Structures are given as C-alpha cells and as structure tokens.
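> below is the sequence, then the predicted model.
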Amino acid sequence: MAFFKKILIANRGEIAIRITRACRELGIGSVAVFSDADRDSLHVFLADEAYHIGPSPSKESYLNYKKVIEVAKLSGADAIHPGYGFLSENTTFARACVEAGITFIGPTVENIEAMGDKISAKALMKKAGVPTVPGSDGGVETVEAAVAVAEKIGLPVIIKASAGGGGKGMRIVRKMDELESAFRACRSEGQNYFADPTVYIEKFINDPKHIEIQVFGDKHGNHVHLFERECSVQRRNQKIIEESPSPSVPPEVRMKMGEVSVKAAKQINYVGAGTIEFIFDNKTKEFYFMEMNTRLQVEHPITEIVTGVDLVREQIAVAAGKPLSFKQEDIKQKGHAIEARICAEDPVTYKPSPGVIRACRHPQGPFMRVDSYAYPGYNVPIFYDPMIAKLITWGDTREEAINRMQRALTEFVLTGIKTNIVLHKTILDHPTFRDGTYTTQFIEKNFEVIEPQLFKDIEDPVFLIAAAITAYNDRKSKDVRQLNVSSTWRRVGRKLQLRT
Amino acid sequence: MYFEAELKGRKYKVDVTEHRLSWKISLQEEGKDWVHHDISKNDYKLAEQYVSFLFQGKSYLIDVVGSDTEYNVFTRNSFRSIKIFNDEMLLHESLKKGGAFGGDMELKSGMPGKIIEIFVKEGDIVKANKPLLIMEAMKMENEMRATRDVKIKEIKVKQGDAVETGAVLIKFEEP
C-alpha cells in the first residue's frame, strides 16, 4: 500500500526531478507543473503527468498557489510536494492545501509560522536557550532606524528580508554610505520575491563558518538529527559547495549541535525535514542560531549519501502519518560527501548566463551522483535560479571525496553557456579549501582574480586552430550556398567545361 | 583562407588550408615567427555534439560557438573568446574604431534580464557612482551605477522591459 496515490510537485528543474524519482520508486504517480518558459524543462518530460500553470514569471506560475491547488484537484493528486523555494515555506499555501483536503508534504502551518519569520524564530530560539547573534531583534522600518541599529551594534552588519531565504533579500554593509541602498534593495527584494518588505539587521560575524544540522520529526513526537553539513563556500551569500561531515567541527561540538537542534525541533513539535543553520566561529568553536529552514534543502543529497537515509522518501512517509523509519542511534556518518552546485553563470563575475546549452555530457563513474536538468539544446530561462545541476561525490576520506569531485568536474562537458565549473575546480585545489579552514568569506578573499588560473595547461594554438577551422567552414558553406543559387545555365556551362 | 585573430588582447595572423585528409594551419603571433601545424582530419573529428581534438599528444573535447567574427571555444570546463576577421571585415572594424567616443557614452546590459526600477530621467545630470537603474536576472537584483559624471541623453527602456545581452539601456552625453 503506497503512502499516496499521486503527488503533485509544485516546483521545477532538478528538485522536481528528484521528487519525481522518489515517487516512482515508491509506486506513487507524479504530476509536474510548468510555466510558459518551462515547456521544455526536463522535469516536465520525466513526470507521469504535466500541466501548464501560467506565464514565465514565478509570481504568475510557480507562486500562484490557487492555480497549483486547482491542478492538484484536476489531476486527482492527494498530496503536494513543494520542493525548496517557491511555495515551500508559504503558510497561505500550506493552509490552502489542508482546506482542499490535500496533504502538504512538509511541516505543519504552525511550524512554518514559528520558524518562517526570522524575527520571531530568533526570539523563540533565544527563549529556548539556543545561542543567538546580537541585532535589531525585530523589523526595521526606516533608513534612520537602520542607521541607528548599525551604529549601536557596530559595522559590519547584515540586512536580511524577514521572509527571505536562499541568499535572496540579503546584503552585507561594511560602510555607512552603503547602508541606504542596501536597505532599499533588501526591502524591494523582500517585496518582490516573498511579498513582505520587512527587514531586520544583525551584527555580521566576521569570518564565520556556516554549519547546519539536518533534523527530522514525525507526527508521533519522534525527533532526530542527521548530523551536520558545512556550507561555507558561498558567493553572493549563496552556497555553492557543501560537505558532510564538516572538517572543522570536533566530535563533542557535533554532538552538542545535534542535541540542541533536536531540542529546538521538539520545542515546536516539528514535523518533517528541517534544517537548523548556525553561524560557527572556527576560532572558539562556538555556534549561534541563524535560522531554521522548514523544507528540504538544496544540499540534502550529501546527508543522504553519508547517512544512507532517503530524505525525500522519509518526507513522504512522515506526511502519510508513518513514524520515522529510523532511530537516532541508527544514524551514522559513513565516509565523506561533497556537493558542487553547477550554475549557469560567469565564473569570474558570478553574473547569470542563461541561454542555449549546446553540448552536454554528464560525468559518470563510481561513488557519485548527478542531479541535473541540463540537456543538449535546452534553453536555460532567465526567470529562475541559475543552478542547473548538482554533482555529489562520496569518498571514504575527505581527500578521496575531493579528488573524486575534481575528476567528475573534469568529465563534465557543458558548452554554449558560461558555467561555474572552473570556479569549482579552482576552489577544490585551493590550500585553504584542502585544509578545511575556509570560511564564508573564502571566495570574496581569494577569488577576485581567478582568470589567470583558468586554462593554465592549455596553449593558445588549441583555441586558435579550433576557431580558425570553424571560421573557415562557415565561410566555405556560405560560398557553397551562393554556388547553389547560381543560375542553371552557369551550372550546365561549368559541367560542360569539366567534360572537355 | 587568411584571417586575423585576436585572443586575450594578443593578435595573430592565421592561414587555413584544407586538404583531403588534413588541415594545414599557420599561426603567427604579432612580433613572432610563423608556426605551421599539420592536423590530420582523424585528429580533429566531430563526435557526439562536439569535436575530439588530439593535439600534440593531448586529448581535448572542443565545441566552437559563434559566427562571423566572434567565436567562443569551449574546452575543459570553460571557454575563450576569439575574434576572427577576414580582410573585408578588418577594414570595416578599423573604420568603426576611428569614429568612436572616448568614454562610455551608453549603459549596456551585461546579461538578459528585466528592468525593475529606473532612478533617472532624460536631462538629469548624474554624479559618478550614483545608481541609474535596477535590473533583475535570475532572481538577483543588480544596481547599475554611473561610472563617471554624465548627463542622461536618452533612456531606451522602461520599467518592466525585458532586455537582451548588449542592449543599450541609457545613452549619455557630457554634463
């Protein structure tokens, strides 16, 4: 007896495919939804059913929760998996699912409410005895108030959209004269992406690490953690490489972080998969609560790889009312896993680079996993996140996992658009990454000039010869075309000449 | 076929001759000697969607994207941009250079995206480093600022417009 009959996946791209795979393995039907720009997205091809839900901008399609529920009813889906981003932490949507008699695969509305708003979440954690970072302790409405807070706690500060996440609606301010435009940008991003302009301000802890704990709860009061992920390699405040376990967390701190996280999850009677993010001071090994993400994370595969738990399957089972399939003592970290997020972006400026993928050949081989929606001829749309694939490798040791990732990246052929693959390769070779001491400012500090490191082994003639042959062929084919449109008389004449 | 090429600011003369079984390609970097490469067509072969190029004992998977004068050569996880001109285009290019302005006379879009907000209007005099507009691409908002003191001559876009890479957004004149 399957957990559900049919699940609608209210998302797109690689995560929609990840969930479709879980459904298929469980014998559950899968329903994809897509916008105008996503008719050709791989998630549409791979699901059992697919329905158009609106124009390309997210606001008019993937965020249109009424339309999503309408399609769920139409297709006969009895559950909806929201993936990450979009509607995954939207209480209006979660509530509308409940009212429509459709199971929302995720935490309860109360869970999302308690943790979704970062200001109330922080207050709640502070009350529960979890260490937190000094800041505005509430929303900041005006530039003047923002300046006052910044002056009180001292620069640098970080401004965050209260409803934000995934690096959107977030700005670090190091100089007072940057404060106004950063404040304005955060409010505007908050309004545009999360329909809430509220922002708050926190002391920006210099040179910290980002460590998070995966937690899981069921509807029977069981709560466990599945250890940590380190996600300190970030550009534009967005993670691009994650690993588990963290090379910086000593065993006793790991246990303590896990225990605190389980306590926090119990406190709010959390149901489903969640992640508690901490700011980690590598010098003192102290950690502070940053936020809780009440959803599946992009980087969930590394936890799956080291613990052997299928997190999406578990989410579906828990949503169907089953107790957790494992106990805390069953969970062990085996070996080491790394994930690299492959994005359609310039590896030097980090500017998005949407467009048509020409050649695409995914890496293969032992002890690795590829979650990707790229294929040859696919046009990466401008409307959504630039991440097009995740590479995950496993190794018995950290070094083995890193070397395997290097190998996998080298094998990855993706042309036609710019990607950050070379940035990943450069990072993995960097001594500060290799020794594990890297922090969230690692990229900012070390990769201002990565261009000289690109192609260090390739001589100019390789590029020139390839370009010259192509240019030659282009011009030759133009000449041939001109020849073909020439008059029949001339062609006959030429043939006659050849005969004599 | 004779070309002039530019790669990372370095200039090359290039000569390509096609034979039945091979390519003969001669390269001369500015100020250096000609180097001749004999490439067997068996060493430069289309496979899957890309070219397998065996060159000096090394194996490269290559994809060349582009046309006319601009080509991007992809290999080993990234690419390099190469400009290639034949004689006629060379002439055209040099003519264009002669008539160009000194400073940036326009703000161009560096990527495809959507115009979220415009802070200036035609006729405004804008100081260096002041925001001109906000553009959104792939969920990120990018504030584009004036690189020097300018007067706004013409605004070519309006709020909500979708623009392509290289589109002119704002034209400037000297303040």
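Done, it's in. Because the structure is predicted, anything quoted here is derived from the model rather than measured.
> just checking: what are the partner strands of the longest strand along chain A?
When chain A is parsed with DSSP state E, its longest strand is strand A:223-235. Partners of strand A:223-235 in the sheet, by DSSP bridges, are strand A:209-217 (antiparallel), strand A:238-244 (antiparallel).
> turn those into JSON lines, including distance to A:Pro156, mean pLDDT and mean neighbour count.
Every C-beta, even on glycine, is put in place using the N, C-alpha and C of the backbone. Below are these laid out as JSON lines (distance: least, C-beta to C-beta, whole Å; pLDDT from 0 to 100; neighbours: other C-beta atoms under 10 Å in any protein chain shown):
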{"stretch": "strand A:209-217", "distance to A:Pro156": "16", "mean pLDDT": "98", "mean neighbour count": "25"}
{"stretch": "strand A:238-244", "distance to A:Pro156": "18", "mean pLDDT": "96", "mean neighbour count": "25"}
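> now those in JSON lines, with distance to A:Lys168?
Shown next, in JSON lines, are the strands paired with strand A:223-235 (distance: least, C-beta to C-beta, whole Å):
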{"stretch": "strand A:209-217", "distance to A:Lys168": "16"}
{"stretch": "strand A:238-244", "distance to A:Lys168": "8"}
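> work out for me the element residue 24 sits within.
Defaulting to chain A. For A:Arg24, the host element (DSSP states H and E) is helix A:13-25.
> my question was about chain B, not that one.
strand B:22-29.
> what of A:Arg358?
Using DSSP H and E, no helix or strand contains A:Arg358.
> could you dump the strand holding B:Lys24 to CSV, C-alpha only?
Output of strand B:22-29 as CSV, limited to C-alpha atoms (Å, rounded to 0.1, in the frame of the first residue of the first chain):
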residue,chain,number,x,y,z
SER,B,22,44.3,17.2,-43.2
TRP,B,23,44.2,20.8,-42.2
LYS,B,24,47.3,23.0,-42.6
ILE,B,25,47.1,25.9,-40.2
SER,B,26,49.7,28.5,-39.8
LEU,B,27,49.8,30.9,-36.9
GLN,B,28,51.9,34.0,-36.3
GLU,B,29,51.6,35.9,-33.1
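> can you give the contact residues for the helix or strand that comes right after that strand?
Next in sequence after strand B:22-29, counting helices and strands by DSSP H and E, comes strand B:34-40. Residues external to strand B:34-40 that are found in contact with it (C-beta atoms under 8 Å, 6 or more residues apart in numbering or on different chains): A:461, A:465, B:13, B:21-28, B:55.
> taking those, please make a ChimeraX selection of just the buried ones.
Only the buried entries of the contacts of strand B:34-40 go into this ChimeraX selection, using 16 or more other C-beta atoms under 10 Å in any protein chain shown:
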select /A:461,465 /B:22,23,25,26,27,28,55
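> from the contacts of strand B:34-40, pick the one nearest A:Ala195.
Using C-beta to C-beta, A:Ile465 comes nearest to A:Ala195 of those, at 53.5 Å.
> contacting residues for that closest one?
Going by C-beta under 8 Å, 6+ apart, the list of residues near A:Ile465 reads B:23, B:25, B:27, B:37, B:39, B:44, B:53, B:55.
> same deal with A:Arg475?
With C-beta under 8 Å, 6+ apart, A:Arg475 has these contacts: B:1, B:86.
> do you know the pLDDT at A:Ile469?
pLDDT recorded at A:Ile469 is 95.
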